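Asks: Next input, structure requested:
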Amino acid sequence: MIVGLTGGIGAGKTTVLAMFQALGVPTYNADTIAKDIMDSNPAVTKAVQKKFPSVIDKQKIDRKKIRQIIFNSVEDKKWLEDLLHPLVKQEIKNIAQQHTHDYCVVEIPLLFEANMTSYVDKVLTIDTPHELQLQRSMQRDAAAAEEIAPIIASQITREFRLSNSDDVITNDDDLQLLQSVVMQLHKKYRGYAN
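Replies: Below you'll find the model as predicted:
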């Protein structure tokens, strides 16, 4: 079984993923998969170099430069997603076929936006109040509210995420409570497999 872990920027997805990993659950991250594809797939590098010549540095894609481009252009963002998402989806399919544990967790920030719900068996959303989401993102990325707010606005609505999830964890800064909820879900997900 594959659990798709999602949530808005600054919700705490990575923290929850690490908690599942500490329990011995195989964990994966769609952003890391996309980065690996960008670093190791010559066809991707070639396509990106052709579209955005300025983002190639020593035959490698400068991700900081490409991030700036896609945050400033909806069209360029869509182009990159159209290039990467099918490859990421294929890798998630491979993970599903190869893993032998009761379940695994794949962190997919754009699970709904990229139409990847059919690639997972359960959707787990990490939810956090808007103000806390903004505060955490600003702290983590050393960024101003003006930089983070458009990212939050570009993501699918919190209401949509919540109403289309199998499970929801509210992450409002109590790590002990967060840990206990993860443990409950761990038992639940293991139960599905047995």
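Asks: C-alpha from now on. contacts and neighbour counts both.
Replies: Fine.
Asks: ranges for the strands of this structure?
Replies: Counting by DSSP state E, residue ranges of the strands within the chain are 2-6, 27-29, 56-57, 60-61, 104-107, 122-127, 167-170.
Asks: Parallel or antiparallel, which strands does the third one pair with?
Replies: What it means is strand 56-57. Taking DSSP bridges as the criterion, strand 56-57 forms sheet pairs with strand 60-61 (antiparallel).
Asks: The first one now?
Replies: For strand 2-6, the paired strands and their directions (DSSP bridges) read strand 104-107 (parallel), strand 122-127 (parallel).
Asks: Now find how far off-centre the longest one is within its chain.
Replies: So the one you mean is strand 122-127. For strand 122-127, the distance from its own C-alpha centre to the chain's C-alpha centre is 11 Å (CA atoms, centre = their mean, to the nearest Å).
Asks: Output the strands paired with strand 2-6 in JSON lines, with mean neighbour count, mean pLDDT and distance to residue 171 appended to each entry.
Replies: Conversion of the strands paired with strand 2-6 to JSON lines gives the following (neighbours: other CA atoms under 10 Å; pLDDT from 0 to 100; distance: least, CA to CA, whole Å):
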{"stretch": "strand 104-107", "mean neighbour count": "22", "mean pLDDT": "94", "distance to residue 171": "16"}
{"stretch": "strand 122-127", "mean neighbour count": "24", "mean pLDDT": "95", "distance to residue 171": "6"}
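Asks: Tabulate the ones you listed in TSV, adding columns for distance to residue 90.
Replies: Listed next are those as TSV, based on distance: least, CA to CA, whole Å:
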stretch	distance to residue 90
strand 104-107	13
strand 122-127	18
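Asks: Show me the chain divided up by domain.
Replies: Domain assignment for the chain, taken from automatic domain parsing, gives 1-26+103-194, 32-98.
Asks: ok, and which of those domains has the densest surroundings?
Replies: Compared across these, domain 1-26+103-194 shows the largest average neighbour count, a mean of 17 (mean count of other CA atoms under 10 Å).
Asks: Which stretches in the protein count as helices?
Replies: Here the chain has its helices, by DSSP state H, at 13-22, 30-40, 42-51, 63-72, 74-98, 130-141, 145-154, 158-163, 175-193.
Asks: Let me have those in CSV, adding distance to residue 117 as columns.
Replies: Converted to CSV, the helices of the chain look like this (distance: least, CA to CA, whole Å):
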stretch, distance to residue 117
helix 13-22, 17
helix 30-40, 13
helix 42-51, 24
helix 63-72, 23
helix 74-98, 10
helix 130-141, 23
helix 145-154, 19
helix 158-163, 11
helix 175-193, 17
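Asks: a markdown table for those, including mean pLDDT?
Replies: Shown next, in a markdown table, are the helices of the chain (pLDDT from 0 to 100):
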| stretch | mean pLDDT |
| --- | --- |
| helix 13-22 | 94 |
| helix 30-40 | 89 |
| helix 42-51 | 90 |
| helix 63-72 | 81 |
| helix 74-98 | 88 |
| helix 130-141 | 66 |
| helix 145-154 | 67 |
| helix 158-163 | 90 |
| helix 175-193 | 92 |
